[in-house]
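Peer 1: sharing a model prediction with you, sequence too.
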Amino acid sequence: MSPAAASASPNDRIRTYEDFARVHAYGVPAGRGRHPAVAAPEAVPEARGRGLRRRGGLCSRAVRGPELREVPGLAERMVALMCVDLDRRIETEEADEQDGDESGSLEHVLQVVDKERARVQERGSDSVAWLELEELGIDDDMLVALDLCAKFPNLVALNLWGNKLQDPEKVMQEIRKCAKLKALWLNENPVLGKSIDKAVLDGLSGLEIYNSHFTSKAGEWALGFCADIVGADNPCSSVESTLLGSIEIIDLSDRCIHKLPEVFSPSNLPSLSKLNIRGNPLDQISGDDLLKLFGGFTQLQELEVDIPGPLGNSAISILESLPNLSLLNGVDSSSIIESGKHIVDSALEPRLPEWSPEEPLAERVIGAMWLYLMTYRLADEEKIDETPVWYVMDELGSAMCHSDNANFRIAPFLFMPEGKLDTAISYTILWPTHDVHTGEECTRDFLFGIGEDKQRSARLTAWFRTPENYFIQEFRKYQEQLQSNSICSSTKIEETPSTKSIRPSDGRALRVYTDIPHVEEFLTRPEFVLTTDPKEADIIWVSMQVDSEVKKAVGLTDQQYTNQFPFEACLVMKHHLAETIHKAWGSPEWLQPTYNLETHLSPLIGNYFVRKRDGMDNLWIMKPWNMARTIDTTVTGDLSAIIRLMETGPKICQKYIERPALFQGRKFDLRYIVLVRSIRPLEIFLSDVFWVRLANNQYTLEKTSFFEYETHFTVMNYIGRMKHMNTPEFVKEFEKEHQVKWLDIHESIWSTIRCVFESAAAVHPEMQNPFSRAMYGVDVMLDNRFKPKILEVTYCPDCGRACKYDTQALVGSQDTIRGRDFFNTVFGCLFLDDQTNVSPFLFSMDRGLPRLAEADGGHIGISHRILSLFLFAAVCRSDPDLLLDYCVADTASSPPSQFHLNGLACIDPASARAEHFATSALSSRATTEHPSAATAPFGFNVTVTNPASSLPGANAQGLVMARTDLAPGGLAPPHTHPRASEVALVLAGSVLVGFADTSYRLYTQLLRAGEAFVFPRGMVHFLYNIDVAAPAVVMSGLNSQSPGAQLVPFSAFRTEPRVPEEVLKKAFKINGQDVHRIQRNLAGSS
């Protein structure tokens, strides 16, 4: 709402359009907007200190859907102002009604045909004919009945655009009779969707233009048509060379020309001075050859061409190759060279509002408003208003067009006669910047004060149709740049975190200075004491930034611990966060495509065009760099809106998660608390307390919902109705609703959070400060595949809920955590090395991947997904090479002779048969109800091919195949194959797989049917059927005939003789009773 309406009482609520106009001083438009021109009898002088004042237009915090729908008459007025009213459709409908009785009837079409026939006969019976039968409702039977070939034996052009032709056979039957056709238009006929194009081109040998496009046979006639030498008023069957020689202007735009006709040459067109080749691929001739060709036209002075396009990416390079040009794309050549612009166009097509006849008026306004909206922010001496004001000017202001050399300027103006905002009246001031004469159009610069250093050309896309190819090319360059970024995959830092308790050796309490009420209230550990003097404090824990100037002003020293790291903006400011992640990881799956609009608007526009072209979803979310609580945040799929929203402050534009995981039909995100003790080496801890934030409304992608805060946003602490849900309750319900294991999701989130902080450590090592210990909030959303997406990182997050509510830890100790102990836990971890209710993760920056760390009550996270989908043959590198083509196992000897080096003895190759190389051993399910003693405790069974019994042809080939059947909830426990790598392909079910490498990094992935995973040789790995109701089947290939299998639980607790009990107790930090219990559970004797 406007400032004036903002303080209105409920009784003053706007209920009618008149109320709205009164409050906003809105001049009601009389009708459709026109381009204004000066109508005064005398010139309007340049403004000298005062301007023409216009009452200011519709002023609103946003032109909202609810206002448009609820205020009677408002939508109608706005529709008229924005030129999305009904008059065009009404005019079309009226015209259709007038023609309705005639159009579509054979009699009417015959009248048109007879009239043209009479004109031809006037010129002579053998004269050439050009027949226009556009949008006459002609169907297949009518076309046959017309018998056009008999009536017009010399028909050279036939226009059947927009009729009802749909039978390819009937259409071709008639078209073939017109053998002299040079041009044919069948555009917007149903028949075009039925593969008629090839039949037309093959059946008409002389056709040069088909559906407005040049054919491969295009020549003199087609050029004459584009030069207006040939047409309906001047039909002819050929164009003489003398006529071609007289052509000065030719428009070849949008003709789908792949290669210019041979006749298009300087010798045939010596007088050509103006050429338009926009909208053609011209991909069968190189740019250099085109420039060479055009360079031969000595009279060519004006050229229209796509940039980037067939002549290259730079206007300057084109002018250097064609120095005789005076105008390129309507711009003076000398000004292009002077300005250094590579992309120029003086005739950009306006971006007109788009709507469908069925669309409600309010939706039309919302779709068109970004072409008309203006904006400003209110401020006083102390503070700027966080929410921008958007408004629409009245009819005069809204009708003014853009010009780089505008003759008027405008500015918003609030008139406050009483000095109070609630009684203010809004105006727009309009004044001329130089003398304007009668009849001269009034223009303004839509981007006044914005030059190319602020992406002026790209920002014009909000109002004009700028060259899509250029932006798509910029997007592809940006993609390539991101893909080449991989700092984290190459950085190696072998350091061990060494932070420890900072409590003084004399046992005195650490003094804490804070301005945060929750810390003052809930930090009650005896090891800490609050102080009101920051100079005496050991720890400064504040919400404000503590930089060198603040330290100097307050008297702080560099030996006092602060709750912030230097350069932490690389994490907590949204554009820096994206930049940091991009530099570290390129374009990871866990970060939605993100663009800093202040620097990367062109790649964003290119991405938008690519997605639109490919029919992909195109919804985006705009977020200010440094504002929280979704202030000035907008969800939109409108490119004009995306660009215009830059005007209210610097923003990022991020691909909206259109298909998020939902909880009972509502959106949610998760707030995690990360405690950082060191950056290099990186040492972070994840609080066992996290909470869910829920939207209030059911999620929908209806356009009308994008203005509904409680549908698309989840932060309800400050707006809307907050409904707190205890985390364990949420997790229980979520697991039940989606049939997933929250622990798997949590581990994936933890891995993603780890990567975020690893990015900062790799890209900004200057963050490290031994006297910094900080807490950050990390917001995460899940997509519909339950994959985490990083939303933002927050400095000094609001932890009111963490302090207010008791909860149960879902990881780590799984104890009940009291809310009032939250800051005791935070300070204990950061300053006392107390790891209660936190999960540690220590980092060794080796190729960008961490190593796991163990701690009592801690939780070990899991690592990245790795790429894995290889054919068995690709990973089955064989044992020592054979000297024969194959070595079919000799299974006839009893017992079979064993060669321990490479398998079984071979039979004579001449005796080999096809069945030696085939097996059905893996075709049936292995029982999991009565498994072997080794697999009994876990609910899995394995069937392995064996050269001695089931697959003799695999002997000595260095491979084995195995089928693993997992019972519902079954597990192939951690095990290793000491002599083989393995690729596992899931045939049925949902299987969680993973392996740990020698630095104790864990790689895990949830696989579904058709997905595969590689286990490197010798690595400990596992397979777990997460479905407790259905079995799962996994097929594996291993690159050794004798891979070996060693189950970790059995290696520790089922050996013969037994591993000494004391060894087990010390190794696993368990007691003797635990050892015996585990051995019994594994069916071993104690």
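Peer 2: Thanks, I have the structure now.

Peer 1: please make it C-alpha for all contacts and neighbour counts, starting now.
Peer 2: Fine.

Peer 1: could you measure the residue nearest to residue 519 when sequence neighbours are not counted against residue 564, distance?
Peer 2: Distances taken as Cα to Cα, 6 or more residues apart in numbering put residue 823 closest to residue 519, at 6.5 Å, once the chain neighbours are dropped. For residue 823, the distance to residue 564 (Cα to Cα, to the nearest Å) stands at 16 Å.

Peer 1: what's around the residue nearest to residue 519, how many residues?
Peer 2: The local packing of residue 823 (other Cα atoms under 10 Å) involves 21 other residues.

Peer 1: list the contacts of whatever helix or strand it lives in.
Peer 2: For residue 823, the element it lies in under DSSP states H and E is helix 822-832. For helix 822-832, the external contacting residues (Cα atoms under 8 Å, 6 or more residues apart in numbering) are 500-503, 519, 522-525, 675-677, 773-775, 802-803, 834-838.

Peer 1: do the same with stretch 799-811
Peer 2: 518, 522, 688-691, 726-728, 743, 814-823, 837, 858-859.

Peer 1: cutoff 6 Å now
Peer 2: Stretch 799-811 has contacts (Cα atoms under 6 Å, 6 or more residues apart in numbering) with 688, 815, 816, 817, 818, 819, 820, 822.

Peer 1: tell me how far the closest residue to residue 132 other than its chain neighbours lies from residue 471.
Peer 2: Once flanking residues are discounted, residue 132 sits nearest to residue 159: 4.9 Å by Cα to Cα, 6+ apart. Between residue 159 and residue 471 the computed distance is 36 Å (Cα to Cα).

Peer 1: those two: which has the busier surroundings?
Peer 2: Counted by other Cα under 10 Å, residue 159 and residue 471 do not tie: residue 471 has more neighbours, with 23 against 19.

Peer 1: my guess is that one contacts residue 606. True?
Peer 2: Yes: using Cα atoms under 6 Å, residue 471 makes contact with residue 606 at a distance of 4.2 Å.

Peer 1: can I get stretch 791-807 as CSV, trimmed to CA atoms?
Peer 2: C-alpha atoms of stretch 791-807 as CSV (Å, rounded to 0.1, in the frame of the first residue of the first chain):
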residue,chain,number,x,y,z
LEU,A,791,19.5,-21.2,0.6
GLU,A,792,21.7,-18.9,2.6
VAL,A,793,24.1,-18.6,5.5
THR,A,794,23.3,-16.2,8.3
TYR,A,795,25.6,-14.4,10.7
CYS,A,796,24.5,-14.4,14.4
PRO,A,797,21.2,-16.1,13.6
ASP,A,798,18.0,-15.6,15.6
CYS,A,799,18.0,-18.6,18.0
GLY,A,800,14.8,-17.7,19.9
ARG,A,801,13.2,-21.0,19.1
ALA,A,802,16.3,-23.0,20.1
CYS,A,803,16.2,-21.3,23.5
LYS,A,804,12.4,-21.5,24.0
TYR,A,805,11.7,-25.2,23.2
ASP,A,806,13.1,-28.4,24.6
THR,A,807,13.7,-31.1,22.0
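
Peer 1: and it, how far out from the chain middle?
Peer 2: Counting by Cα atoms, centre = their mean, to the nearest Å, stretch 791-807 is centred 28 Å from the centre of its parent chain.

Peer 1: list the buried ones in it?
Peer 2: 791, 792, 793, 794, 795, 796, 799, 802, 803, 806, 807 (16 or more other Cα atoms under 10 Å).

Peer 1: check stretch 478-485 too.
Peer 2: 478, 482, 485.

Peer 1: which other residues reach that stretch?
Peer 2: By Cα under 6 Å, 6+ apart, stretch 478-485 touches 583, 586.

Peer 1: hang on, the earlier thing: what about the buried residues of stretch 791-807, which are in strands?
Peer 2: Judged by DSSP state E, the buried residues of stretch 791-807 include 791, 792, 793, 794, 795, 807 as members of strands.

Peer 1: closest to residue 985 among the residues you listed?
Peer 2: The nearest member of these to residue 985, counting by Cα to Cα, is residue 791 at 33.1 Å.

Peer 1: let me see the contact set for the closest one.
Peer 2: By Cα under 6 Å, 6+ apart, the neighbours of residue 791 are 779, 780.

Peer 1: same question for the one 5 residues further on.
Peer 2: Going by Cα under 6 Å, 6+ apart, residue 796 touches residue 776.

Peer 1: ok, now with 7 Å
Peer 2: By Cα atoms under 7 Å, 6 or more residues apart in numbering, residue 796 lies in contact with 543, 775, 776.

Peer 1: top of the residues you listed by neighbour count?
Peer 2: Busiest of the contacts of residue 796 [other Cα under 10 Å] is residue 775, holding 24 neighbours.

Peer 1: so what strands line up beside whichever strand or helix holds that residue?
Peer 2: Residue 775 belongs to strand 774-782 when elements are defined using DSSP H and E. According to DSSP bridges, strand 774-782 has the following sheet partners: strand 668-678 (antiparallel), strand 788-795 (antiparallel).

Peer 1: now do the helix or strand hosting residue 367: which elements does it pack against?
Peer 2: Using DSSP H and E, residue 367 falls within helix 361-368. Here helix 361-368 touches helix 65-70, helix 74-81, going by 3 or more Cα pairs under 7 Å, 6 or more residues apart in numbering; DSSP states H and E.

Peer 1: and the last one, what does it pack against?
Peer 2: Counting contacts by 3+ Cα pairs under 7 Å, 6+ apart, helix 74-81 packs against helix 65-70, helix 361-368.

Peer 1: only the buried residues of the helix or strand containing residue 292, if you could.
Peer 2: Applying DSSP H and E as the criterion places residue 292 in helix 287-295. The neighbour-count check on helix 287-295 (16+ other Cα under 10 Å) flags 287, 291, 294, 295 as buried.

Peer 1: and residue 983, bridged to which residues?
Peer 2: Residues in beta-bridge contact with residue 983 (DSSP bridges): residue 1014, residue 1037.

Peer 1: pull the number of nearby residues for the closest residue to residue 535 other than its chain neighbours.
Peer 2: Closest residue to residue 535 in three dimensions, ignoring its sequence neighbours and counting by Cα to Cα, 6+ apart: residue 556, at 5.5 Å. Neighbour count for residue 556, taken as other Cα under 10 Å: 18.

Peer 1: residue 556 should be in a helix, yeah?
Peer 2: No: assignment of residue 556 by DSSP: H, G, I helix; E, B strand; the rest coil gives coil, placing it outside any helix.

Peer 1: phi and psi next, for it.
Peer 2: Dihedral angles of residue 556 (phi, psi; degrees, to the nearest 10) stand at phi -80, psi 160.

Peer 1: all helices of the stretch 151-300 of the chain, in order?
Peer 2: Under the criterion DSSP state H, counting those that start in this stretch, the stretch 151-300 of the chain contains helices at 168-175, 197-203, 220-226, 241-245, 287-295.

Peer 1: ok, residue 728 - contacts?
Peer 2: residue 808.

Peer 1: from residue 623, how far off is residue 577?
Peer 2: Counting by Cα to Cα, the gap from residue 577 to residue 623 is 13 Å.

Peer 1: then residue 1046?
Peer 2: Relative to residue 623, and taking Cα to Cα, residue 1046 is found at 52 Å.

Peer 1: ok, back up a step: adding distance to residue 216 and pLDDT, write the buried residues of stretch 791-807 out as CSV.
Peer 2: As requested, the buried residues of stretch 791-807 are exported to CSV (distance: Cα to Cα, whole Å; pLDDT from 0 to 100):
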residue, distance to residue 216, pLDDT
791, 53, 95
792, 55, 94
793, 58, 96
794, 61, 93
795, 64, 91
796, 68, 90
799, 70, 90
802, 72, 90
803, 76, 92
806, 77, 90
807, 74, 89
